[in-house]
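Student: Got a predicted structure plus its sequence, pasted below:
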Amino acid sequence: MSQATFDDDELFGEAADEMRAAVEEALDAAREELPEADDIWDVEADNTLGVLNALKGALDTGDAADELREAKKQFVMGKRADAFEDADDLEEAIAELEELLGDIETAHEEASDLASTIPGLRGALEDAAEDADNDDEDEE
C-alpha cells in the first residue's frame, strides 16, 4: 500500500487546477444557457406582436447569469489566493460573457417594452383613424 503524499505545494497545485476547472465548467454551462443565434433571428409569427413575443422568448438566458456568477466566484477566490499561474484567459472569458449576457438582457427588456407598447399604440391609431373618419362624415 502506497503512502499518500500531502505536500502543501502539491495539494495547492491540485486545488488550483480544480478551481480553474470549476471556472471553466461554469463558463461552459453559462454559454450553454444562452439563446441560439438562429432562434433570435428566425421568428415565425402572424403579426408584429407575435414577432416581439417570440423574440422575447428567444432572448431568455435561462440560468446563464447564475452560472456566470458561479464562475466569477470561483475566479475571484482563485485569483485572490494567487492560485492561477495565468488568469488572463479566464478573466477575458468572464468579461466577454458578462458583456454578451448584458446585451441579451437589454434586448430582452427592449422587446418586452415594445411588446407591451404595440397593443396600446395600435388602439390609439385605430381611434385616430375612426376620429378622422367621423370628422370627414361630419363635414359632408
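Tutor: Structure received.
Student: residue contacts, the nearest residue to residue 85 once chain neighbours are set aside?
Tutor: Counting by C-beta to C-beta, 6 or more residues apart in numbering, residue 85 lies nearest to residue 16, which is 7.9 Å off, once chain neighbours are set aside. All C-beta spots, glycine's among them, are computed from the backbone N, C-alpha and C. Counting by C-beta atoms under 8 Å, 6 or more residues apart in numbering, residue 16 touches 78, 81, 83-85.
Student: rerun that using 7 Å as the cut-off
Tutor: Residue 16 sits next to 78, 83-84 when contact means C-beta atoms under 7 Å, 6 or more residues apart in numbering.
Student: same deal with residue 118?
Tutor: Residue 118 touches 48-49, 52, counting by C-beta under 7 Å, 6+ apart.
Student: Quick one: buried ones out of the residues you listed?
Tutor: residue 52 (16 or more other C-beta atoms under 10 Å).
Student: want to try TSV for the contacts of residue 118, with pLDDT and distance to residue 131 as columns?
Tutor: Shown next, in TSV, are the contacts of residue 118 (pLDDT from 0 to 100; distance: C-beta to C-beta, whole Å):
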residue	pLDDT	distance to residue 131
48	93	23
49	94	23
52	94	27
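Student: Closest one of the contacts of residue 118 to residue 100?
Tutor: Distance to residue 100 across those (C-beta to C-beta) is lowest for residue 52, with 21.4 Å.
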